[in-house]
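In: Got a predicted model here, sequence first, then my questions.
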Amino acid sequence: MATLEIIGAPQSNFVRTTRIACMEKGVPYTLTPARPHTPEVDAVHPLGKIPGMRHGEVTLCETSAICAYVDRAFDGPPLIPRDALGAARTEQWISLHNTAIDPLVVRQYLAAYFFSGLPDGAPDRAKIDAVLPKMRETFAWLNRELGTRGYLAGDSWTVADAFLLPTMHYMRLLPESGEMVKASPNVAAWFDRVAARPSAKETEPPPMPGRGG
Ligand SMILES: N[C@@H](CCC(=O)N[C@@H](CS)C(=O)NCC(=O)O)C(=O)O
């Protein structure tokens, strides 16, 4: 059978999610590093976003769809629970990550640090300061949720955890969000638990420019 290929930059939180999914499922894969809006990516994603996936004749885009395919097309431990409620809770948390967490903390906050668009490439302080109140609220509700169970969707790991882990990895490294993680003990404990898994260790992204880690 053809080897599964993940297409995208290893720094991307969403690319990392699909790599974690492959590892947790026990599916060998190759990573083809590619930036958004390059020909390799445009060939599999109509909006040129990463990750993309190829498996023989199959091409897919969108992280959630790729993870669902990996889960259903191969033998191995389920990434999404097979019972109705467990599957729905997993989907619920993927959706919360993709619609409420990632757009705020990655697309706005992290982007204001590294892709500010300012002429000198410096962080956009005004944009960073503007998102901090909403981020504090987000960490507060996430911390409350994670105080009731060990993992996002219940008492065991699901692929929903593979969505939040790469995002939270970056949050630990930036100053204000790093403080928010430290002030959110349930989030911090969840992070340590999930980051200790081989799937997380083996997919750690390259260090951020000028920030180590
Ligand atoms: N909805 C997409 C989002 C993927 C995404 O936003 N990827 C980022 C990199 S982490 C990207 O390609 N950004 C380029 C762009 O939005 O033009 C998914 O779930 O896979």
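Out: The structure has been received and is ready for your questions. What you see is a predicted model; the values in this text were computed from it and never measured. Numbers count the residues shown, from 1 in each chain.
In: can we go C-alpha only for contacts and neighbour counts from here?
Out: Noted.
In: could you give the mean pLDDT of the helix ranked longest in the chain?
Out: When the chain is scanned for its longest helix (criterion: DSSP state H), the result is helix 125-146. Confidence for helix 125-146, expressed as mean pLDDT, is 98.
In: is stretch 77-97 anywhere near the ligand?
Out: No - judged by C-alpha under 6 Å from any ligand atom, stretch 77-97 and the ligand are separated, with a smallest distance of 9.4 Å.
In: can I have that stretch written out in PDB, keeping just the CAs?
Out: Extracted in PDB, the C-alpha atoms of stretch 77-97 (Å, rounded to 0.1, in the frame of the first residue of the first chain):
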ATOM      1  CA  PRO A  77      -6.200   2.400  18.300                       C
ATOM      2  CA  PRO A  78      -9.200   4.700  17.700                       C
ATOM      3  CA  LEU A  79      -8.300   8.400  17.400                       C
ATOM      4  CA  ILE A  80     -12.000   9.200  17.700                       C
ATOM      5  CA  PRO A  81     -14.100   7.100  20.200                       C
ATOM      6  CA  ARG A  82     -16.500   4.700  18.500                       C
ATOM      7  CA  ASP A  83     -19.400   5.500  20.800                       C
ATOM      8  CA  ALA A  84     -21.800   8.300  19.900                       C
ATOM      9  CA  LEU A  85     -21.100  10.500  22.800                       C
ATOM     10  CA  GLY A  86     -17.400  10.100  22.800                       C
ATOM     11  CA  ALA A  87     -17.300  10.900  19.100                       C
ATOM     12  CA  ALA A  88     -19.500  13.900  19.500                       C
ATOM     13  CA  ARG A  89     -17.400  15.200  22.400                       C
ATOM     14  CA  THR A  90     -14.300  14.800  20.300                       C
ATOM     15  CA  GLU A  91     -15.800  16.700  17.500                       C
ATOM     16  CA  GLN A  92     -17.100  19.400  19.900                       C
ATOM     17  CA  TRP A  93     -13.600  20.000  21.100                       C
ATOM     18  CA  ILE A  94     -12.100  20.000  17.600                       C
ATOM     19  CA  SER A  95     -14.700  22.600  16.700                       C
ATOM     20  CA  LEU A  96     -14.000  24.700  19.800                       C
ATOM     21  CA  HIS A  97     -10.300  24.600  19.100                       C
END
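In: What residues sit buried inside it?
Out: Buried residues in stretch 77-97, defined by neighbour count with 16 or more other C-alpha atoms under 10 Å: Pro78, Leu79, Ile80, Pro81, Arg89, Thr90, Glu91, Trp93, Ile94, Ser95, His97.
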